[in-house]
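S.K.: coords please:
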Amino acid sequence: MSNTVKLSLQQFEETLCGRTQRPPQPPKRAVDTAQAEFRKHFFTKAGRRRTGAPPSVNDIAKTMVSKVINKISLPNNIRGSLSQSRHKRDDPTSYKVHAGLYSRDVLPKGTRADWSCLRLFLQFEEGGAEHDPFDDGTAGPPDDSIAPHVVRGQARVLKRLTKAAYKTFNYQHRTFVCALLINGSEFRAMLWDHVNLYVSDAADYAENPSALIHVLWSFASLDNVGQGIDPTAVRVLPGSREHARMDLWARENAALDMPYEEDEDVTRFYTPHNDNNEASPSMHTRSKTDVPTRPVMEYVRAAFRDSLAAPWWPRYKLRVGPEGREFLVGKPVFMANGMFGRGTRGFVALDAKEERFVFLKDAWRLSCEGVEAEGVFLEEMAAGSADPDVTLEMVMPTVVAHGDIVEQTTRVVYPEVDSQADELLSDGSSSEDAKLSGSHASGTTAHNTASSNGSYAHASEEEESEESNKGQMQRRLVHYRIAVNEVCMKMSSFKNGKQLVRLIMDCMKTHRDAYNHFDLLHRDISSGNVLIIPVVMGIDGKKVVVWKGLLTDWELAKRIPKDRSVNYRPNGWVGTFQFTSVAHVHHPDVPKQIADELESFFHVLMYHGVRYLRHDLRNPSSFIMRFYDTYGTNSGGGRSGRAGIGYCSMEKVHAMTFGHIGFRFQNDDPVGGEQTTEHPLYHVLHHDMMPLFAARYAVLDWTDDQRRRATEDGCAEEAEGPEPSAEIKATAALLETHDTLLERLQTTLDGCAWPLADKAGDQLALKKDVSRRAFSLRSVHCEDAPTKRRAKTENMPAAAKRPKVADENSTVTVGPVVPRVNGRRPPLKDLQ
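M.R.: The predicted structure is shown next:
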C-alpha cells in the first residue's frame, strides 16, 4: 500500500492547507532575508553562481535555521532548532535528525532533537541525484545507465527520511507528518500519512527562495490540527495530578498484586462468601481516588510500569469512542513496523473513569461501505447466541469503549496525478517479538508480498468490489481506537506442550462458535493473535487461576453466511503469510474457508512447538525460515490470471501434501535419558491433523488439474493421476467443520501421558545470525513497509534458491520454492 505521490509545489500546499483554503502569503521581508542569506553560499558578489566546492551541509543547516527560519519570525511562534550532530541523551536508538520546527515554548535546549514535540523535521543532504530518492532522472528500477552508488545513496537517504517520520509518528499522536529535504541548493516538501507519501517537485531555493518560504509560512500558519497534531490525545505533563496518578498505579503493591500462574490460589483477594466469582467491593469501586484499591494480576501492573519506565517517552490522555472516554497511556507495548497501513499501536492503559487497567489499540482502519469496525464484531459476539439453549465456548476481548475519530481520515490522491508505488525502508523489529501480551497487541501487523521483479508491494486486504480507480490509491483510512478489558500474555508464555495444545483448542472453539452462530470468519489466525488470559474460577470452594486461550484481532473478520447468499471475491492474500494455508497463498482469489483457517491453527501450533519445545531439529531457526518464511511470486497465473500470485516453500507444500514432518518432539525428561514413547504433540500434528490436510490437497490437486485441462483444451479431460477415492474425499470433507479436529485433539489431550517439562525456552533467541531477522511475522493486509528482507527467491538461479543445508535429522525434502505454471503447482510426483 506504500505509495509515493508527486505533486507540484502548488498542489502540495493545497494538500497541506486544503483546496478551498488559500495558502497564506509570507511578507516580502521574509523572502528578502532568505534570499540575502542563501546568496552568500551559492552566488558570488558579482551575482554569478558559484562553481567551486558546494557549501557544507552543516553550513547550510546553520544558515537555514539560525539566519532564516528564526530570523523571519514564522507565525504561531514556530521556531527552528539544530540537532544534526547529537541525538537525545536518553534515547537508546541514538537516531539524529538534522533540524526541526517546534513551538517556541517547547524549543529544545542545546542541540538535541525532542521527538515528542517536533512539528516538522528537516533533512540536509549534499546535493545531486545520489541524495534525492525522488529524482526524476533516476525514477524506476535500476539499470546499467544508473551508477550503483547513486542507487545506494538514494536508498540511504530514503531510509533516513522514513526513520525520522516513523519515529515522529511513534513518539506522538499524529494524523500526518511533514518534512523538508534540503538537498544542496534544492528542496522538496514531504507529507506522510498512513496511505501515501506526498512529495513536491524539487525547487531551487538559491535561485528562488520564495518557494521555500511559502511552504514554511503555510505550515507555520496552520493550527495544531492543521500541522497533524491529534486533538484527541492530550499530553500528560510531569508535575500534573494525572502524571502522579500513573506513577502511583505503576508501583508494586503486595496487597493488591495477584499471582497469575495457573492453579494459583487467590482466594485471599476475594470476599469469603462470594459465590459468583466476583471480586470484593474494593476491586470494583467507582469512587474517584488516586490510590489503587483493586487487586490486579501482577503481570498487568508490571507491563504498565514498564510502559512508564522510559523518561523520554511522552505520556498521553487518549479519548475513545463517541462519549470521549479517557485513558492514560505511556509508551506503546506494540508498534507496527513501517509507515504505511494501519499503524497499529497497543497500550496497557489506565481507565480514568473505572480506575482499572485495560488494553487500548490505536489504529487506522479501512473506511468504506461494508467494512465494519472490530468492536462491532466483538460486541455482537458478546451478546451471545439468539438460541437460549446454546452454550458458547468463546474466549475473546470484552469491549470497554471503541469508535472512529471520524474527522481524522487519510487523504485521497489527486485524480489528475499518477501515483507511483515505491518501496519505503523500515528496520523495525519483528512484530511477533514486539507484540505485548495484550489482547489487542495484534497489529499483526504487516502484509507484504514480493512483486515479480523482486521489489516489495503491499497486497490488498479487501475485496475487488471495494477497489476503486485501479492504479490509483483512492482508499481512505479512518482513525480508530478500541479499549478492551483483557490484558493478555503471549502464547509463548505456555509452560508445556499439553498446555499449549489446550490453549490453542480454546482459540479453535472460539473460532468455531463465531462461525457457527454469527457467520463470522476470523481470516487472520497467526501466532500473534492467539494469546493467554488468566481468569479466576471457583474450584472446590477456592478461587483459582486458570489459563485460557484467547483469539484476538477480529478486524479482518468477514461475514460469510453458511448458505453463501453473500459472495465476495478476495483481491490478494488475507491474513498473515507465514500461517496462511498453502491453498490460499496459491489461490488468493478464492475466499478463505474453514479448512484454510484450521490449517492456520496447525501452522501456529507447530510454530510454537518448534520454537519453544525440545525436539531433534539441530537448527530451529533454519527450519522456521525455510518452512514459514520462504516465499515468492510469479509473473502471472492463478485462477484469476493476475500477476503476483504467491507460492509457499517446497517444505511447507511437501508437509501439507504428503502429511509428513521430518522431525520429532522429545519426550524424555529435562535431565536426560532415552526417549521411550512418542511425544503426544507429534501425535497431534502427524496423526490427528496432517492426514486430513493431505486428503484435502489430494482432492484440490486433482480438481485443479481437471479445471486447468478443461480451460486450456476447451473440453473436460481426465486429470493426471487417478481420481481420489471416496474415502479420501470423505476425509477431506471432515475439514468443513471444526468438530473432527477438536474431538481428535481432545482425545489425545486426555488419553496420552504428556511430559510436564518439555519446554526448552526460546530457541530462536539463541541464534544471533542474520537469519534471525527473517522471521518478521506480519499480516498480509494493508499494513506496514517491510523490515529486514525475508528470504527472497524470485529471479534467483535455482541453486541460489535452495537452503544451504538441510537439518541432519530431517527427512523432509528441501528444495526451491514450488514454481507455478498457468496457475497450478506441478503434479505431486514431480515434487518427490
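S.K.: who touches the residue nearest to residue 738 when sequence neighbours are not counted in this structure?
M.R.: Once flanking residues are discounted, residue 738 sits nearest to residue 512: 3.9 Å by Cβ to Cβ, 6 or more residues apart in numbering. C-beta here means a position set from N, CA and C on the backbone, and glycine is covered the same way. Neighbouring residues of residue 512 by Cβ atoms under 8 Å, 6 or more residues apart in numbering: 393, 737-738, 742.
S.K.: how near is residue 512 to residue 176?
M.R.: Separation of residue 512 from residue 176 (Cβ to Cβ, to the nearest Å) stands at 42 Å.
S.K.: before we move on, what about residue 209?
M.R.: From residue 209 across to residue 176, the span is 25 Å (Cβ to Cβ).
S.K.: Residue 65 against residue 83, yeah?
M.R.: No: shown here, residue 65 and residue 83 do not form a contact pair, counting by Cβ atoms under 8 Å, at 9.6 Å.
S.K.: what touches both of those two?
M.R.: residue 99.
S.K.: Let me see the mean pLDDT of stretch 535-547.
M.R.: Mean pLDDT, stretch 535-547: 93.
S.K.: how long is that stretch end to end?
M.R.: One end of stretch 535-547 sits 6 Å from the other (Cα to Cα, to the nearest Å).
S.K.: again, but for stretch 246-259
M.R.: End-to-end distance of stretch 246-259: 22 Å, with Cα to Cα as the criterion.
S.K.: With stretch 722-736 instead?
M.R.: Taking Cα to Cα, stretch 722-736 runs 23 Å from one end to the other.
S.K.: What is the neighbour count of residue 35?
M.R.: Residues lying near residue 35 (other Cβ atoms under 10 Å) number 18.
S.K.: no no, residue 156
M.R.: 15.
S.K.: what about the stretch 501-650 of the chain, any weak spots by pLDDT?
M.R.: The stretch 501-650 of the chain contains residues with pLDDT under 70 at 563-572, 632-646.
S.K.: can you do 90?
M.R.: 540-541, 560-577, 586-591, 629-650 (pLDDT under 90).
S.K.: quick one: the helices in it?
M.R.: Counting by DSSP state H, counting those that start in this stretch, the stretch 501-650 of the chain has helices at residues 582-586, 594-612, 620-624, 650-658.
S.K.: ok, now the stretch 651-800 of the chain?
M.R.: In the stretch 651-800 of the chain, the helices defined using DSSP H, counting those that start in this stretch lie at 680-683, 690-713, 726-733, 739-751, 798-801.
S.K.: Now do the second one: which elements does it pack against?
M.R.: Helix 690-713 is packed against helix 582-586, helix 594-612, helix 650-658, helix 726-733, with contacts defined by 3 or more Cβ pairs under 8 Å, 6 or more residues apart in numbering; DSSP states H and E.
S.K.: which residues touch whichever strand or helix holds residue 178?
M.R.: Assessed by DSSP states H and E, residue 178 sits inside strand 177-183. When contacts are defined by Cβ under 8 Å, 6+ apart, strand 177-183 is touched by residues 16, 60-61, 64, 119-128, 131-132, 157, 161, 164-165, 168-169, 187-192, 202, 205, 212, 215-216, 219, 227-228.
S.K.: how about a cut-off of 6 Å?
M.R.: With contacts defined as Cβ atoms under 6 Å, 6 or more residues apart in numbering, strand 177-183 is touched by 120-125, 127, 131-132, 165, 168-169, 187-192, 228.
S.K.: That strand - which strands sit beside it in the sheet, and in what orientation?
M.R.: Next to strand 177-183 in the sheet, as set by DSSP bridges, lie strand 120-125 (parallel), strand 186-192 (antiparallel).
S.K.: Would you tell me what the next helix or strand after the first one is?
M.R.: Remark: after strand 120-125, the chain's next helix or strand is helix 148-171, criterion DSSP H and E.
S.K.: could I get stretch 405-414 in CSV with only the CA atoms?
M.R.: Once non-C-alpha atoms are left out, stretch 405-414 reads as follows in CSV (Å, rounded to 0.1, in the frame of the first residue of the first chain):
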residue,chain,number,x,y,z
ILE,A,405,-12.4,9.5,15.1
VAL,A,406,-14.5,10.5,12.1
GLU,A,407,-12.8,13.7,11.4
GLN,A,408,-9.4,12.0,11.1
THR,A,409,-9.0,10.3,7.7
THR,A,410,-6.2,9.9,5.3
ARG,A,411,-6.1,11.9,2.1
VAL,A,412,-7.1,10.8,-1.4
VAL,A,413,-4.7,11.1,-4.3
TYR,A,414,-5.3,13.9,-6.7
